[in-house]
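[1] Fold the following for me, if possible:
(chains A and B)
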Amino acid sequence: MDSEITELIYGRSESGLTELKRKYERLILKVCRGILKSPQDAEECANDTLLAVWDSAARDKPDDLTAFVCKIARRKALNRLRYNTAPMRNSDLLTELDEIAEHLPSVGASPEEYAESAELTAALNEWLLSLPEKQRVLFMRRYFFSDSVKDAAKLCRMSANAAGAALLRLRGSLKQFLIERGLYYEN
Amino acid sequence: MKTNSIYEALGNVDDKLVAEAAVVRRKRPVAIIIAASAAALVLITGAAMVGNRNSTFSIGKDVAFNMELKKHGITIPEEYMPTEENMYHYGNVVDIGITELFDKFNAPLLINDNFSADIDTESPDIVPWTYSNLNTGLEVEVKGKPFIQVHSASVTFAYYLYDKNIDRNVYFWADYLTDNANDDYAIHDGVGGTQADYEVLRLRDGSSCFVGAGNAEFSFNGVKYSIDLGNGERTVELTKQVLADLDVL
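    Down below sits the predicted model:
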C-alpha cells in the first residue's frame, strides 16, 4: 500500500526505501528506459530517482505516490538526456519529442514564457480531461512515459497503425486547442 | 538537445492523469473467453485455423489477421518531403480536395460511385476531435525513415468520405508504404479484443478484415485502412454495409 510506504518514508525508516524499490523499481525503469535508451543510463537514473523520492517524499508529502514517482523519474531521465546529448543532439534518441516538437513548437524558455508554462500545464490538463479515456491514456503513454507507438498501442488494445493515426489526430487536436487558448506560437 | 515547452509541461500535468496512465492494465476477460472458445473449437474439429505467410488467424488475447502493406509508386511532393532534421511532415490540407491530393502523391484512392468526397463538416455524425481542420477534414502525414518502428517510410492520409447508401460520413485512415521504404512490410496486428461484437471477414483480394461495431481494420491491395463511423448508430451490420459499398467484400 502506498500509504504504508509513505508512512515509512516520513518516519525515515530504511524499510521505506526497500518497499519503495520493491513496488516502483520496474515502473521507474520503464520511464527511464523510454527516454534514455541506454540500459546503463536508465538503471543509474532509476537509482537516482529512488533516492530523490526517498529524499523529497517526506518533505512534499505527495497525495499520489505513483504520479510523484513517475514525474521525478521523467524529470531525471530528461535531465540525463540533456547532459548526454549536449552540445550536439542525437536525433535518434527521442522520436516522441520530435513528433511533438515538429507539430507543436516550443513556446520558449524565457522567464515570461516560463510563467506561461503554468498556464500551458493547466491547458494541457483541461485538454487531456476532455478526451475519451483511451485516447488520453494513449497520449500519456506515448508522450509522458515515452512508450513506443507499438507498446502504447498494445496497452490501449489498438493496432500500431491505428495508434499512430490516433496520435496524429490528437496532436492536431491539441494544436487547435492551444491556438484557441492563445498558447500556440510558431517558431 | 532540442527543448519543447509542451513536452516539458506534460511532466507537470495533474497527478490523476499520470496515475491513470501508469497503472493501466490490458483488459483480459473477453480474451480469455475467446481463447477458451478457440481451444474448444480445436478440440472439436481437431484442427487450428492456419493461413498463408501473411494470414495468421490466431484467436487468443488479440484477434490477428492479415493486414499487409506493400510498396506503392508513391511520389512524395517536394512540399511534403521529410528531411534529415524533420523525419516526418505533417499537414492539414486546405487548398485542394481529396482526389487531387491523392493524385499529387500518385496514390490510389479507394472510392467509387457509392461515395462522395464532398462532406458536410457540420454533420452530427462527424466527431470533432477526429481531426483538427474542420474546413476540409483532410490531413496528410509523411513519415521518413526511420521514424517509427511500424513503417520505414509511409504516407498516412486521414479523410472523410460520404457513403451515399447509408447516408453517413465515414472516417478513413489510409496508410501507404512509399517506394523508398526498406522492404515490403507485412503486418500482423492484434485488434479488437475489447469489443464483444465483431467478425473477421475475408475480402475480395484474399486478405481478411476485422469488422467491429462502427469500425473496421483491413488492408486492401496493399494499403492499410482503418475506418470509423463516428457518432450515431454503430453496428457490425452497418460496418459491413460500408465495406460492401467500398466493394472490398
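
[2] drop to CA atoms for contacts and neighbour counts, all remaining ones
    Noted.

[3] and the stretch of helix or strand B:Asn169 belongs to, what other elements does it pack with?
    Assigned by DSSP states H and E, B:Asn169 falls within strand B:168-177. Packing partners of strand B:168-177 (3 or more CA pairs under 8 Å, 6 or more residues apart in numbering or on different chains; DSSP states H and E): helix A:160-180, strand B:67-69, strand B:154-163, strand B:223-228.

[4] could you give the mean pLDDT of the shortest one?
    Spelled out, that is strand B:67-69. Strand B:67-69 shows a mean pLDDT of 76.

[5] now swap in stretch A:147-159 and tell me
    80.

[6] Tell me how far that stretch lies from the chain's centre.
    16 Å (CA atoms, centre = their mean, to the nearest Å).

[7] how about that stretch as CSV, C-alpha atoms only?
    Listed in CSV are the C-alpha atoms of stretch A:147-159, where the atom choice follows Å, rounded to 0.1, in the frame of the first residue of the first chain:
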residue,chain,number,x,y,z
ASP,A,147,6.4,4.2,-24.8
SER,A,148,7.0,3.2,-28.4
VAL,A,149,3.9,3.6,-30.6
LYS,A,150,3.7,-0.2,-30.7
ASP,A,151,3.8,-0.6,-26.9
ALA,A,152,1.3,2.2,-26.3
ALA,A,153,-1.0,0.7,-28.9
LYS,A,154,-0.8,-2.7,-27.2
LEU,A,155,-1.7,-1.3,-23.9
CYS,A,156,-4.7,0.5,-25.3
ARG,A,157,-5.7,-2.6,-27.3
MET,A,158,-5.3,-0.9,-30.7
SER,A,159,-3.2,-1.7,-33.7
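
[8] low-scoring stretches of the chain, by residue?
    You didn't say which chain, so I picked chain A. Residues of chain A that meet the criterion pLDDT under 70 lie in A:1, A:85-116, A:185-187.

[9] hmm, I had chain B in mind actually
    In chain B, residues with pLDDT under 70: B:1-4, B:23-65, B:82-95, B:121, B:126-137, B:143-153, B:182-196.

[10] redo that, cut-off 90
    B:1-17, B:19-101, B:104, B:117-160, B:169, B:171-202, B:204-219, B:221-222, B:224-235, B:249 (pLDDT under 90).

[11] just the helices in it please.
    Under the criterion DSSP state H, chain B contains helices at B:5-10, B:15-22, B:29-45, B:98-105, B:236-246.

[12] Next, count neighbours for residue 13.
    In the absence of a named chain, chain A is used. By other CA atoms under 10 Å in any protein chain shown, the residues close to A:Ser13 number 13.

[13] sorry, should have said chain B
    There are 23 residues near B:Val13, going by other CA under 10 Å.

[14] repeat for B:Gly230
    19.
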